[in-house]
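>>> Below are the sequence and a predicted model; questions follow.
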Amino acid sequence: MSYSDFKTIDQIINILGVMVSDHAHLFAAVPPVKPSPQLSQQLEECLDLATSISTEKARSELLITPILLEVRRVLNFQMGFFSGTTFNVESDKGLVGACDFLLTATPNQAFVTAPVMTIVEAKDDNLRAALAQCIAQMIAAQLFNQRHQSDNKVVLGAVSTGTNWRFMRCRGSLWKSIGQNI
């Protein structure tokens, strides 16, 4: 079993034993950040192309990657950015495989170091179909952080088509996700 084998929230609950709850407006208190002119221009140039090609790879490269790199710039490059990295944490629980995107709270790019703070799963059109896979990756990130004595207790996650995003937060064994796409 691997991350991609998790297809339903019921599997996550039954196999990994976590509670999942749905909360609208999870990040309502977080003020919006205006995108840089560079990001705005890139997204304007690539949006039609990415949606016309309409593959996970095109959306990932043309829309999601520029947004995540903008986050990295906003944080003054003090975070690690990994794309398509193998993240094998616990094979007995099926917490193995590659993550589309993985962000860490350290700028190290040589290898993944704790704390892992964000997982982003790219998908073609169906955000719901990827929620379980992303949650499994977030649980793996939480275990990874604990094993490396990280004080970071929260892992964030998102499933995205590049134009729609669904955000989640893991704290302990209680999961929250926003109920709307942005």
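Everything's here; your move. Numbers count the residues shown, from 1 in each chain.
>>> what does the one helix or strand residue 81 maps to contact?
Residue 81 is located in strand 80-86, with elements delineated by DSSP states H and E. Residues from elsewhere that reach strand 80-86 (C-beta atoms under 8 Å, 6 or more residues apart in numbering): 65, 68-69, 72, 97-109, 112-113. Where C-beta positions appear, they are placed from N, C-alpha and C, glycine not excepted.
>>> Which members of these are positioned in strands?
98-104 (DSSP state E).
>>> Tell me which helix or strand the residue nearest to the spatial centre of the chain sits in.
For the chain, residue 120 is the residue whose C-alpha lies nearest the centre (C-alpha atoms, centre = their mean; 2.0 Å). According to DSSP H and E, residue 120 maps onto strand 116-122.
>>> Just name whatever secondary elements that strand is in contact with.
strand 98-104, helix 128-147, strand 154-160 (3 or more C-beta pairs under 8 Å, 6 or more residues apart in numbering; DSSP states H and E).
>>> Can you select the buried ones among the contacts of strand 80-86 for me in PyMOL?
Those of the contacts of strand 80-86 that count as buried under 16 or more other C-beta atoms under 10 Å are selected in PyMOL with:
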select buried, resi 65+68+72+97+98+99+100+101+102+103+104+105+112+113
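>>> Tell me where the model's unsure across the chain.
The model of the chain has pLDDT under 70 over residues 172-182.
>>> hmm, try it at 50
Where the chain drops to pLDDT under 50, the residues are 174-182.
>>> what about stretch 112-127, how long is it end to end?
Using C-alpha to C-alpha, to the nearest Å, the end-to-end distance of stretch 112-127 comes out at 26 Å.
>>> Okay, buried residues for it please.
Judged by neighbour count using 16+ other C-beta under 10 Å, the buried positions of stretch 112-127 are 112-124, 127.
>>> now stretch 36-43
Here stretch 36-43 shows 39, 42-43 as buried, counting by 16+ other C-beta under 10 Å.
>>> Just those residues: which are in strands?
Per DSSP E, strands hold no members of the buried residues of stretch 36-43.
>>> Make a markdown table from these and add distance to residue 164 to it.
Supplementary listing: the buried residues of stretch 36-43 in a markdown table, determined by distance: C-beta to C-beta, whole Å:
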| residue | distance to residue 164 |
| --- | --- |
| 39 | 17 |
| 42 | 18 |
| 43 | 14 |
